[in-house]
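**Q** kindly generate the corresponding structure for this input.
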Amino acid sequence: MEADRVRWDKRFDERPLTQPSVPAFFVEQSVSLPWGRALDVASGDGAVALWFARQGYDVTAMDISSVALSRLQGFADQEKLLINCKNIDLDDRSALETGLTETYELICLAHFKPSQELLEFLGSCLAPGGQLLLSTFNLQHHQHNGFSKRFCLTPGEFQSSVDGLHCVHYQSVRRGDSFMDDYRWQCSS
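**A** Take a look at the predicted model:
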């Protein structure tokens with residue numbers, strides 16, 4: 001949606017030009033993740049993408065904001081990291097199908113509430129044995145910080161309801177002032 005693109009471009013344009021830090025969940029899980037191609041969905045300016053590229057993954061980052069992707073590319077260039085950036089609206093199924101023609105061993109989402117349909121589509125983009133990780137805000141974050149309720153997960157919202165994926169890890173956790181739900185799924189096929 002064009003309104004979303006404009007809003008996110010403005011938000012990233014107004015941020016100081018400092019590299020984002022990777023959410024703790026991805027570092028915590030990294031010791032047992034599959035190796036290979038990684039996709040950072042709703043990457044913003046690249047906290048997750050940059051971290052996995054530093055670990056040696058072949059990384060693709062996808063976001064609706066061209067400003068965020070430009071910032072990410074600048075950060076990657078500073079470190080001589082190769083990251084393939086794709087400007088894709090996650091609500092545009094046709095753009096997703098056209099833009100994501102490869103499979104990935106690892107797909108990550110941070111600080112973004114996906115729809116059930118998006119999770120199932122992303123699951124179909126996983127290579128056999130691939131894993132999908134999600135770390136985002138839950139309802140406690142809304143209650144404690146006033147963050148919009150519509151962008152928060154309900155308890156266990158996706159624990160057993162994603163076709164083609166088996167939930168191997170779920171936790172609700174507080175990290176500083178943030179209340180998060182963390183998921184890790186493995187491709188069933």
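**Q** give me the sheet partners of the helix or strand that G130 is a member of and which way each runs.
**A** Using DSSP states H and E, G130 sits in strand 126-137. Sheet partners assigned to strand 126-137 using DSSP bridges are listed as strand 104-110 (parallel), strand 178-187 (antiparallel).
**Q** what sits up against the shortest one?
**A** By C-beta atoms under 8 Å, 6 or more residues apart in numbering, the list of residues contacting strand 104-110 from outside reads 23, 25-26, 33-42, 47-48, 52, 57, 60, 122, 125-127, 129-136. All C-beta atoms are positioned from the backbone trio N, CA, C, and that covers glycine.
**Q** buried set for the strand holding G130?
**A** 126-127, 130-137 (16 or more other C-beta atoms under 10 Å).
**Q** just give me how far that strand sits from the chain centre.
**A** 9 Å (C-alpha atoms, centre = their mean, to the nearest Å).
**Q** can I get whichever helix or strand comes after it in CSV, CA atoms only?
**A** Sequence order places helix 139-145 as the next helix or strand after strand 126-137, per DSSP H and E. Only the C-alpha atoms of helix 139-145 are listed here, as CSV (Å, rounded to 0.1, in the frame of the first residue of the first chain):
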residue,chain,number,x,y,z
LEU,A,139,-0.1,-7.8,24.1
GLN,A,140,1.9,-7.1,27.3
HIS,A,141,4.0,-4.7,25.2
HIS,A,142,0.8,-2.9,24.3
GLN,A,143,-0.4,-2.8,28.0
HIS,A,144,3.0,-1.7,29.4
ASN,A,145,4.1,0.7,26.7
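**Q** just the angle between whichever strand or helix holds Y170 and strand 126-137, please?
**A** Element membership for Y170 (DSSP H and E) is strand 165-175. Going by axes from the mean of the first three to the mean of the last three C-alpha atoms, to 10 degrees, strand 165-175 is angled at 30 degrees with respect to strand 126-137.
**Q** enumerate the positions of strand 165-175 that are buried.
**A** Buried-residue list, strand 165-175, by 16+ other C-beta under 10 Å: 165, 167, 170.
**Q** may I have stretch 106-118 as PDB, with CA atoms only?
**A** Presented in PDB, the C-alpha positions along stretch 106-118 are these (Å, rounded to 0.1, in the frame of the first residue of the first chain):
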ATOM      1  CA  LEU A 106      16.500 -19.400   7.100                       C
ATOM      2  CA  ILE A 107      13.800 -16.800   7.100                       C
ATOM      3  CA  CYS A 108      13.600 -14.100   9.800                       C
ATOM      4  CA  LEU A 109      11.000 -11.500  10.900                       C
ATOM      5  CA  ALA A 110      11.700  -9.000  13.700                       C
ATOM      6  CA  HIS A 111       9.400  -6.400  15.200                       C
ATOM      7  CA  PHE A 112       6.700  -7.200  12.600                       C
ATOM      8  CA  LYS A 113       3.300  -8.900  13.100                       C
ATOM      9  CA  PRO A 114       2.800 -11.100  10.000                       C
ATOM     10  CA  SER A 115      -0.600 -12.500   8.900                       C
ATOM     11  CA  GLN A 116      -1.300 -16.200   8.900                       C
ATOM     12  CA  GLU A 117      -1.200 -16.100   5.100                       C
ATOM     13  CA  LEU A 118       2.200 -14.400   5.000                       C
END
